[in-house]
Structures are given as structure tokens and as C-alpha cells.
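Participant: Sequence and predicted structure are below.
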Amino acid sequence: APEGNTASTSGPSRRVLLFPLPYQGHINPMLQLAGLLSARGFAITVFHAVFNAPDPSRHPAYDFVPVPDGMSGGSTDMAVKVNVEHIFTVNSSCEAPFRESLAALLEAPGGRDNVACLVADAQLLTLMDVARQQGVPTLALRTGSAACFRNFTAYPMLCHKGYLPAQESQLDEPVAELPPYRVRDLMAIGRSHQEHELMRKLMSRAVEAVRTSSGFILNTFDALETDDLMATRRDVAVPVFDIGPLHKFSPAASSSLLQQDRGCLEWLDAQAPASVLYISFGSLASMRGAADLAESAWGIANSGQPFLWVLWSDLVSGVTQATLPDGFDAATRDRGMIVSWAPQEEVLEHAAVGGFWTHCGWNSTLESVCAGVPMLCRPCFGDQMGNARYIDHVWRAGIALDGELERGKLEAAIRRLMQSKEGQEMRERAQELRRKAAEAISDAGSSSRLNIDQLVNHILSL
Ligand code: UDP
């Protein structure tokens, strides 16, 4: 229900335009933000790439404007090898069609007067420029943590000081300027000059997108990232709105690109409290082929722990349910369930779930924190290593699983998380984070709610 200040007390609603980056982990927070702004009376128009398009029928209250991206025939292909180049392609392919669609919207009767701003993913600098050229103010949404964004702003310094591009021998070195990171936790891809240049460009464009915007929205909350938020406010001279955890404000699941298998919730109902290990590596290819799959399967089987495993067909790395090793089924009968896509937020909130083996995407991390579930961290790329560092080292609500994936090591880690006293202490710390997350959004005056009020006022003032 609308509350506090709203956008539609008189006359037609002010309209907020949104443009998410077309990946699941970026679409979810953007549509959750849409839900929040809509509840405050704003009309919503979602511009989106045709690739990985959201389903308009799940959001009848919003307008959707597909922007031809020249990249796909309108497919949902989460297994796209998401890489830095793909993000540049989205920017350049959508530029001209977005310019046209936006101009059409602004020229329609009442168009220009009603449009308050564009909120775009911070990776979409080109599209923000298009909006500003047409007189539309922009806000940038980052779907990662505040700590991760500090990594972005610090990138030139990290290169200058010789931390990056990283040499093998430096990986365990602490980054004195950016605690608690070690070199291995930094956002970086590969070691080649070309990869390094691409990453540098990606980060500097995101920082520019934020600094040239009228405001910066982050899906995090003050009690979780107090120092990093303070530093972010120093780093960017625009208003910063930490309004997370966004999934707690908007109905779950409606922006899922894949059909969620709800049968697993019934299966969970039949399991003992805190007994099940939930396993999911997010929406982007992150399992490194069949060898990793076999080690994972046997580690899980040998741990003896009940499990719920999300294993969607990742055709890029050749991993499907059909490629599970022979004998796995028999070894885990009645003890586990495999689904191709789960209603993750509800799963994490389920009393039967006692641990989460995760790739540490920021949404998964926040969802786990908000549900008080400790994590087994197996980061793969991008911001995931940095998130794992916070889970393991700062919040101490999980265990990092480093090095080669090996069944014996995995089995031991699962037992440590699910069965040991140490694991129980991690669970207690995760529960403490859950309480803090609840406090951040509990009532008027709580940190995220205050920031939402300020965001609404800010948008109305643009
Ligand atoms: N997710 C889901 N069902 C699944 C696995 C994941 O709905 O079976 C959702 C999850 O709740 C999260 C998103 O997909 O909101 C994944 O985002 P995250 O940032 O964790 O990882 P990414 O996919 O971007 O690597």
C-alpha cells in the first residue's frame, strides 16, 4: 500500500523510466525497485533489451518497451557466456533504437511533462547519455554491493600501485588501501593486457555513469555495509540511496526468467529444521564443466546431508542433470531433490534450509543474509570473490571453499557448515544479520525506509 510521500497526490502520476541490464541478477533488483516506486504512486515504464526480456504479463501495472538489440531473436538465453564485451554490445546495439523509442515517448501527449527521470543500470552509460541528451535526468542503479563499487572507483589506483593486473605470486597479498580485500578478491578478469583494458574500461564507464547522474541507488543497507557506504558517499559527489534489501519490498519471483519449480517447497516441508543444504550457482554459467560436476556430486553424496540442488541445463559448459555421474541417484535416494530452477527467496526462508552453497552473486548473498542462512562460498568471477570475502571474513557467516574443487574437501566443508559447532556459530551470526536486515526496513525511520523517502522526494524534485 502507498505510504509516506507519494507521487500522485494531484494530477497524473509522474513517470519513472527504467532500463535494466538484461541478466537475471540485474533484472530482479530493477523490477523490485519498480515495485517500490509504483507503491509510492509513480507510473512505470520499463525499457528493456529483447534479449532476456521480462514477461510483461507478470507486471500488468507497468508499460514495457522492447528495444531491439540486434543480438537475438527475442530469446531467453541465460547461458550466454556473459562477458565484458557483451555489456558493451548491449550499450552500443540499443543506443539508436532507444533514442528513437525515448523520443517517441517524450513527444506523445503529456510525455515530457510527466517523465521524472530514467533509472538505468550503472553499466548502461551509453543509454544514460541518450536520455540526458533528450533532457531526461538519470539515476544509476548498481545491483552489487557498496564494497564492490569501491573496487570500481579504486581501480586506477590499484593498477597504479601494481596490484593489477595480478601476478600469481601476489594473490594472497592484502590490499592495504581496500581492506578486507586480498588481491585475489578484486574484480579482475584474466591477466592479458587486452582483458585488463576491457575491465578498466567497464569500471571507469560505470563510475562515470554514477558520477554524472543525479543520484546513485544501491541494493544494500546501512547496517550491513556502514563503512563502505560512508566511503562511497565520499567517493561520488551525488546523493547515494541505499534502499535494500530490495527483495523485501516487492513480491518475490515475478521477474524470474525461468519457470520456478514450486514442488521443492513441499519437499522441504517434509525435512527436519535446518537440515537441508540448498545449492545454486545463480543464473550465469559458473560450473566449470563435467569434472567439477562429478566432484560436486560426490562431495554432496558423501556428506550424507539432505540437499536441494538447482541444476539448470548449462549448455555452455555442458552441464545438465543428465550428466550427473552414474550411481549418484542411488547414493542419494530419498535424501535430495534436484530442480532446474527454484523459488530461491522462499527456499532460503524455509525452516528446513540450514545452509546455502552459493556462487556468491550479490542477490543470492543478500537473500541468504536476510534469511539468516550461513553460506558455503564458491565464487567464480566478477564481484563474487569480493562478496565471498565479506561473508567469510567480515560477517563470518560462511566458509570460503578455495582452490580446486575436490570431493573430499567439499564433503568436509559441508559437514563443517551443517553439523559442527563452528557452523552453528556462523548460523547465529547469519541470524543476527537477518535481524539487522529486518530492522533496516521495519518501519518509518528505519535506515532504508528513510532513504526511500528521500529518493522519492529527490525524484519529485528533478
Ligand atoms: N534464482 C532463482 N532461482 C534459482 C536460482 C537463482 O530465482 O533457482 C534467483 C536468485 O534468487 C537471485 C538471482 O536468481 O535473485 C541470481 O542473482 P545473483 O546476483 O545471485 O547471481 P547471478 O545470477 O547474477 O550470477
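Facilitator: Looks like it arrived, so ask away.

Participant: What are the boundaries of the strands in the stretch 1-150 of the chain?
Facilitator: Using DSSP state E, counting those that start in this stretch, the strands of the stretch 1-150 of the chain run over 15-19, 43-49, 63-67, 115-121, 138-142.

Participant: now the stretch 201-350 of the chain
Facilitator: Here the stretch 201-350 of the chain has its strands, by DSSP E, counting those that start in this stretch, at 216-218, 240-242, 276-280, 307-310, 336-339.

Participant: Identify the residues contacting the closest residue to the ligand within the stretch 351-462 of the chain.
Facilitator: Closest approach between the stretch 351-462 of the chain and the ligand, counting by C-beta to the nearest ligand atom: residue 361, at 2.3 Å. Just so you know, the C-beta spots here come from the backbone N, C-alpha and C atoms, and that holds for glycine as well. Contacts for residue 361 (C-beta atoms under 8 Å, 6 or more residues apart in numbering) come out as 25, 282, 283, 284, 384, 387.

Participant: And it, its phi and psi?
Facilitator: According to degrees, to the nearest 10, the main-chain angles of residue 361 amount to phi -60, psi 150.

Participant: Give me the buried positions along stretch 212-220.
Facilitator: Buried residues in stretch 212-220, counted by 16 or more other C-beta atoms under 10 Å: 213, 214, 215, 216, 217, 218, 219, 220.

Participant: Quick check: ChimeraX command selecting the buried ones in the contacts of residue 361.
Facilitator: Those of those that count as buried under 16+ other C-beta under 10 Å are selected in ChimeraX with:
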select :25,282,283,284,384,387
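
Participant: Now, the contacts of residue 361 that are in helices?
Facilitator: Among those, DSSP state H puts 25, 384, 387 in helices.

Participant: What about the ligand: which of these touch it?
Facilitator: For the ligand, the contacts drawn from the ones in helices among the contacts of residue 361 by C-beta under 6 Å from any ligand atom are residue 25.

Participant: before we move on, back to that, need the winner for burial among the strands of the stretch 201-350 of the chain.
Facilitator: Mean neighbours per residue, mean count of other C-beta atoms under 10 Å, is largest over those for strand 216-218, with a mean of 26.

Participant: Quick one: mean pLDDT over it.
Facilitator: For strand 216-218, mean pLDDT rounds to 98.

Participant: Also stretch 425-434?
Facilitator: 98.

Participant: Output that stretch as CSV, restricted to C-alpha atoms.
Facilitator: The C-alpha coordinates for stretch 425-434 follow below in CSV (Å, rounded to 0.1, in the frame of the first residue of the first chain):
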residue,chain,number,x,y,z
GLU,A,425,28.1,-20.1,15.3
MET,A,426,28.0,-19.0,11.7
ARG,A,427,24.3,-19.6,11.6
GLU,A,428,23.9,-17.5,14.7
ARG,A,429,25.8,-14.6,13.1
ALA,A,430,23.7,-15.0,10.0
GLN,A,431,20.6,-14.8,12.2
GLU,A,432,21.9,-11.6,13.6
LEU,A,433,22.3,-10.2,10.1
ARG,A,434,18.8,-11.2,9.4
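
Participant: Show me the contact partners of that stretch.
Facilitator: 224, 274, 354, 368-375, 395-399, 417.

Participant: Produce a ChimeraX select command limited to the buried residues of the residues you listed.
Facilitator: The ChimeraX command for the buried members of those (criterion: 16+ other C-beta under 10 Å) is given here:
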select :224,274,354,368,369,370,371,372,373,374,375,395,397,398,399,417
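
Participant: In helices, which of the contacts of stretch 425-434 appear?
Facilitator: Reading helices off those with DSSP H, I get 368, 369, 370, 371, 417.

Participant: As CSV, these with pLDDT and distance to residue 135 would be great.
Facilitator: Formatted as CSV, the ones in helices among the contacts of stretch 425-434 follow (pLDDT from 0 to 100; distance: C-beta to C-beta, whole Å):
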residue, pLDDT, distance to residue 135
368, 98, 42
369, 95, 40
370, 96, 38
371, 98, 43
417, 98, 53
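
Participant: Which of those residues sits closest to residue 323?
Facilitator: Closest approach to residue 323 among those (C-beta to C-beta): residue 417, at 25.6 Å.

Participant: From the ligand, how far off is residue 249?
Facilitator: Look at residue 249 and the ligand: by C-beta to the nearest ligand atom, to the nearest Å, they are 14 Å apart.

Participant: what's the burial count for the nearest residue to that residue once chain neighbours are set aside?
Facilitator: Nearest residue to residue 249, sequence neighbours excluded (C-beta to C-beta, 6 or more residues apart in numbering): residue 36, at 4.8 Å. Under the neighbour criterion other C-beta atoms under 10 Å, residue 36 is assigned a count of 18.
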